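Engineer: quick check, what structure comes out for this input:
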Amino acid sequence: MLLPVTAADIPDFAAACAHEHVFGSRALTALRAYGPGDPSVHFYLCRKGREPAAALYLAGDVLTVSSDERADPLLIADLARRMGVHEIDTNWPQCQVLRGLLGGTAESSYFMVYRGAPLEEDSSGFHPGDLKAVYKVLQSSHSYYQTHLEYAAWSADLQRRIDRGLSAVFQLEEDGEVIGTGSILSTDDECGVIGAVAVVPAHRHKGLGSRITRFLVQRIQSMGKTPRLVSGYDEVSELYRRLGFAPCGRWGELYL
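Structural biologist: Okay, here's the model as predicted:
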């Protein structure tokens, strides 16, 4: 069965979020930021018998799913239809099954986990992120951010998570200019997830993206957690491998 999350379900929702830590920590961070009763977001728990098989988090028309093999894809597909979902982020096997049920197009690459040595990274030039400056860097760096981010909604959600200590945003400055950014997007009891790493076009090809990633690895390690991230596509995973990350499964994004 698949039902909306209540306060009594939070321990089982957290257990289902641990089935896959990257998308799972996204869902758990959102639940910790908003709570189960906030009307702007929706949380669902899929059970197999009494066991938590999947945690689902719906924000706008994007559904995030952390599941194991016990999750019933028919229930997830039905929810996607009823709620007008246009994107589902989940593990690759689940994504393939849902594509067979719902149609659409899919993308996939690696979940990655840091397996390197503890880092002592130079933190000079890094500062807590000013959201307006960070947004400007993201907008200049990639077309995805131009089409997927609207400042008011993005900043309000991010500030809520920052205020609760669930996420962190940093900017890299040079001579007073903000030239790069990176974030700890979400956290759970085991990991911190690195994302939104971007460098302004004029400062690319200087190794700054790698430097920002190493800085974030160090910050997550200082929290006693394991750094994780998603590789945007298979080729870029080689860069992350050189930084000490290793593949630990594949993600899938289904566009409906």
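
Engineer: need the pLDDT of L119.
Structural biologist: You'll see L119 listed with a pLDDT of 85.

Engineer: pretty sure it sits against R214.
Structural biologist: Yes. With contact defined as C-beta atoms under 8 Å, L119 reaches R214; the gap is 5.7 Å. All C-beta atoms are positioned from the backbone trio N, CA, C, and that covers glycine.

Engineer: show me where the stretch 151-256 of the chain has its strands.
Structural biologist: With DSSP state E, counting those that start in this stretch as the criterion, the stretch 151-256 of the chain has strands at 168-174, 177-187, 191-199, 226-230, 245-255.

Engineer: for P11, find the nearest of those strands.
Structural biologist: strand 177-187 (17.5 Å; C-beta to C-beta).

Engineer: name every strand pairing with the closest one and say which way it goes.
Structural biologist: Partners of strand 177-187 in the sheet, by DSSP bridges, are strand 168-174 (antiparallel), strand 191-199 (antiparallel).

Engineer: quick one, which of those gets closest to R50.
Structural biologist: Nearest of the strands paired with strand 177-187 (C-beta to C-beta): strand 191-199, 26.5 Å.

Engineer: list the buried residues in the closest one.
Structural biologist: Going by neighbour count (16 or more other C-beta atoms under 10 Å), the buried part of strand 191-199 is C191, G192, V193, I194, G195, A196, V197, A198, V199.

Engineer: can you lay out the strands of the stretch 151-256 of the chain as a markdown table showing mean pLDDT and distance to E69?
Structural biologist: Below are those laid out as a markdown table (pLDDT from 0 to 100; distance: least, C-beta to C-beta, whole Å):
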| stretch | mean pLDDT | distance to E69 |
| --- | --- | --- |
| strand 168-174 | 97 | 33 |
| strand 177-187 | 97 | 23 |
| strand 191-199 | 96 | 21 |
| strand 226-230 | 97 | 21 |
| strand 245-255 | 97 | 13 |
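
Engineer: would you turn those strands into CSV with distance to L58?
Structural biologist: As requested, the strands of the stretch 151-256 of the chain are exported to CSV (distance: least, C-beta to C-beta, whole Å):
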stretch, distance to L58
strand 168-174, 24
strand 177-187, 16
strand 191-199, 19
strand 226-230, 19
strand 245-255, 14
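
Engineer: residues near L58, how many?
Structural biologist: For L58, the count of nearby residues is 21 (other C-beta atoms under 10 Å).

Engineer: tell me the contacts of it?
Structural biologist: V41, H42, F43, Y44, T64, M83, V85 (C-beta atoms under 8 Å, 6 or more residues apart in numbering).

Engineer: can you tell me how far the first one sits from S66?
Structural biologist: When distance is defined by C-beta to C-beta, to the nearest Å, V41 is 15 Å away from S66.

Engineer: higher neighbour count, these two?
Structural biologist: S66 (31 against 18).

Engineer: show me what the one helix or strand the more buried one maps to is packed against.
Structural biologist: Taking DSSP states H and E as the definition, S66 sits inside strand 62-67. Contacts defined by 3 or more C-beta pairs under 8 Å, 6 or more residues apart in numbering; DSSP states H and E place strand 62-67 against helix 10-17, helix 21-34, strand 51-59, helix 73-82, strand 87-91.
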